[in-house]
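**Q** requesting a structural model of the entry that follows:
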Amino acid sequence: MISGGFKSNALPPSAKAIVNFRILPGETAASVLDRVRNIVNDPAVSVSAPDVAETRDPSPISPIDSDGYRTLSTSIRQVFPDVIVSPFLLTAATDSSFYTALTPNVYRFLAVESDPSVLAMIHGLNERIAPEKYLKTVQFTAQMIQNIR
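**A** Here you go, the predicted structure:
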């Protein structure tokens with residue numbers, strides 16, 4: 001979010017920008033803040049972080065050589081046989097970050113077939129999943145439960 005100024009032909013007396021960073025694995029909120037300060041490199045510009053309680057470092061990378069990942073990938077292939085199973089960097093913050101203290105096997109996965117029209121609705125107006133896509137999600141969940149040993 002950026003704010004500042006009130007006319008297109010006048011310099012604003014002040015301006016403010018709020019940036020929501022997606023932090024890569026291996027980085028931290030502190031390292032991103034340091035990098036931004038170094039890039040801006042202007043004593044007239046204040047760079048600060050929000051309340052620490054609102055800032056999250058990236059979750060650790062979950063192993064792909066574990067029973068959990070094998071069960072997940074097997075279940076995906078059983079319900080969606082035409083897909084390629086591959087690790088992926090999820091750029092959203094999820095509640096799964098609270099489980100990393102319990103196990104390194106935390107996989108952020110939603111079994112919903114999507115296309116650009118579905119992706120455009122995420123967090124938008126009339127967000128929904130088509131009934132036939134939802135049925136596949138339920139089938140995946142049931143298959144995953146059956147595959148857990």
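**Q** excluding chain neighbours, what is closest to Ile61?
**A** Nearest in space to Ile61, with sequence neighbours left out and distances taken as CB to CB, 6 or more residues apart in numbering, is Pro25 at 5.4 Å. Where C-beta positions appear, they are placed from N, C-alpha and C, glycine not excepted.
**Q** which ones are touching that neighbour?
**A** Neighbouring residues of Pro25 by CB atoms under 8 Å, 6 or more residues apart in numbering: Pro58, Ser59, Pro60, Ile61, Leu89.
**Q** how long is stretch 91-111 from one end to the other?
**A** Stretch 91-111 stretches 17 Å from its first residue to its last (CA to CA, to the nearest Å).
**Q** tell me the SS of Ile39?
**A** helix (DSSP: H, G, I helix; E, B strand; the rest coil).
**Q** report all helices and strands that the biggest helix by length in the chain contacts.
**A** When the chain is parsed with DSSP state H, its longest helix is helix 131-147. Using 3 or more CB pairs under 8 Å, 6 or more residues apart in numbering; DSSP states H and E, the elements in contact with helix 131-147 are helix 67-79.
**Q** C-alpha coordinates for the helix it packs on, PDB please?
**A** Below are the C-alpha coordinates for helix 67-79, written out as PDB (Å, rounded to 0.1, in the frame of the first residue of the first chain):
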ATOM      1  CA  ASP A  67       7.100 -41.600   4.800                       C
ATOM      2  CA  GLY A  68       4.800 -38.500   5.000                       C
ATOM      3  CA  TYR A  69       5.800 -37.200   1.600                       C
ATOM      4  CA  ARG A  70       5.700 -40.700   0.000                       C
ATOM      5  CA  THR A  71       2.100 -41.100   1.400                       C
ATOM      6  CA  LEU A  72       1.100 -37.700   0.100                       C
ATOM      7  CA  SER A  73       2.600 -38.300  -3.400                       C
ATOM      8  CA  THR A  74       1.100 -41.800  -3.600                       C
ATOM      9  CA  SER A  75      -2.400 -40.400  -2.700                       C
ATOM     10  CA  ILE A  76      -2.100 -37.600  -5.200                       C
ATOM     11  CA  ARG A  77      -1.200 -40.100  -8.000                       C
ATOM     12  CA  GLN A  78      -4.100 -42.400  -7.100                       C
ATOM     13  CA  VAL A  79      -6.700 -39.600  -7.300                       C
END
